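1. can't give you the sequence, but here's the structure:
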């Protein structure tokens, strides 16, 4: 079941102010991994559950384009107002029903919203993208929230889970 919080304008303001952003080092590790697997150029990243856009801005430094999605209009409004770059497009979208075409992205990223998603449905949706990606790409899941991510990690049907 997906959870829907942080949807009002006041919540979105607080989220922008207090949410921790991913570190540049973490983003660089992800970018290095994608470069190693795919090579350059890094064309398109999909930032799912982008909230107020902190992670989207970090990805935009490395990818030609970033499509950042969130289910909350207030979060998208906050992101457009405070985290805009020419190569970021913000879209209203459920994590479990992404609008981009499979095979069109180099990275499907979730910075800190995974725990809000209907995880089995999101993983099926993410698989739609990874199944269409070039054969040398694979899903990558970090180690935060170990129990939650381990459970999800074990359900990913890829042999290479670097």
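-> Here it is on my side, so go on. Small disclaimer: the values here were computed from a predicted structure and weren't measured. Numbers count the residues shown, from 1 in each chain.
2. low-scoring stretches of the protein, by residue?
-> Counting by pLDDT under 70, the ranges of the chain that qualify are 1-7, 100-103, 129-162.
3. And the helices in it, which stretches?
-> Secondary structure of the chain (DSSP state H): helices at 9-18, 24-38, 54-60, 73-82, 119-132, 146-155.
4. Make a markdown table from the ones you listed and add distance to residue 98 and mean neighbour count to it.
-> Yep, even glycine has a C-beta here, placed from its N, CA and C like the rest. Output for the helices of the chain, formatted as a markdown table (distance: least, C-beta to C-beta, whole Å; neighbours: other C-beta atoms under 10 Å):
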| stretch | distance to residue 98 | mean neighbour count |
| --- | --- | --- |
| helix 9-18 | 21 | 14 |
| helix 24-38 | 18 | 14 |
| helix 54-60 | 15 | 24 |
| helix 73-82 | 15 | 19 |
| helix 119-132 | 6 | 17 |
| helix 146-155 | 17 | 13 |
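5. Among those, which comes closest to residue 107?
-> When the helices of the chain are compared by C-beta to C-beta, helix 24-38 sits nearest residue 107, at 5.3 Å.
6. what's that closest one packed up against?
-> Where contact means 3 or more C-beta pairs under 8 Å, 6 or more residues apart in numbering; DSSP states H and E, helix 24-38 is packed against helix 54-60, strand 107-109.
7. Present these as a markdown table; the columns should include distance to residue 36.
-> Shown next, in a markdown table, are those (distance: least, C-beta to C-beta, whole Å):
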| stretch | distance to residue 36 |
| --- | --- |
| helix 54-60 | 17 |
| strand 107-109 | 12 |
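8. Now tabulate the helices of the chain in JSON lines and tack on distance to residue 113.
-> What follows is these, written out as JSON lines (distance: least, C-beta to C-beta, whole Å):
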{"stretch": "helix 9-18", "distance to residue 113": "11"}
{"stretch": "helix 24-38", "distance to residue 113": "15"}
{"stretch": "helix 54-60", "distance to residue 113": "9"}
{"stretch": "helix 73-82", "distance to residue 113": "10"}
{"stretch": "helix 119-132", "distance to residue 113": "10"}
{"stretch": "helix 146-155", "distance to residue 113": "12"}
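9. out of the ones you listed, which comes closest to residue 66?
-> helix 54-60 (4.8 Å).
10. elements contacting the closest one?
-> Partner elements for helix 54-60 (3+ C-beta pairs under 8 Å, 6+ apart): helix 24-38, strand 44-48, strand 65-70, strand 88-92, strand 107-109.
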